[in-house]
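Chemist: Sequence and predicted model, in that order:
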Amino acid sequence: MLSNNVVVDDCRMRAVPDHAPRSREEPKRMFKELANLASLVRQAQNIQRQLKELSAELRNRRTRGTAGGGMVEVEINGAMEVLRCKIDPKLLDPPDREMIEDLVATAINQAIVKVQQMRADGLRSITGGMELPIPEEFIKTLLGGDSPDPS
């Protein structure tokens, strides 16, 4: 494909193809940029592999949240799946539904904070300690948690 570029060479006018290098350094620069791009792709693939490994590791790690002096205990994994909820029988005699609900919510929230810290620690290990402003929805998607709301 010919471009609209016209070069006067030895008093003759001729069209210069768009892909023609403008100087001898341009091909070197282009290959260097391609090499840089290939390096970035390899780094992205490496990070993706590390994130998959972190996701599997977090799914197998567990943490607990407690409330009411240990009367309510919730266990969740790194994917934020609730695995167990233990309620001391003393809370059921006489039952106080509102207090039990509050204690369960408090224990779950405490466990979630611990999982978020586990995730942050794992991401820091991948990024070499660099704090990146990654949205929580993206982290959840990467690490196998809740997928972001499509709306």
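Modeler: Nice, I can see it. Numbers count the residues shown, from 1 in each chain.
Chemist: chain center to stretch 93-103, what's the gap?
Modeler: Distance of stretch 93-103 from its chain centroid, counting by CA atoms, centre = their mean, to the nearest Å, is 37 Å.
Chemist: do the same with stretch 24-44
Modeler: So, by CA atoms, centre = their mean, the centroid of stretch 24-44 is 26 Å from its chain's centroid.
Chemist: Could you list the buried residues of that stretch?
Modeler: Using 16 or more other CB atoms under 10 Å as the burial criterion, none of the residues of stretch 24-44 qualify. All C-beta atoms are positioned from the backbone trio N, CA, C, and that covers glycine.
Chemist: what's the average pLDDT for that stretch?
Modeler: Mean per-residue pLDDT for stretch 24-44: 82.
Chemist: quick one: low-confidence ranges for this protein?
Modeler: Of all residues in the chain, those with pLDDT under 70 make up the ranges 1-23, 131-136, 138-151.
Chemist: same thing but at 90, please
Modeler: For the chain, residues meeting the criterion pLDDT under 90 lie at 1-52, 54-56, 79, 93-96, 119-151.
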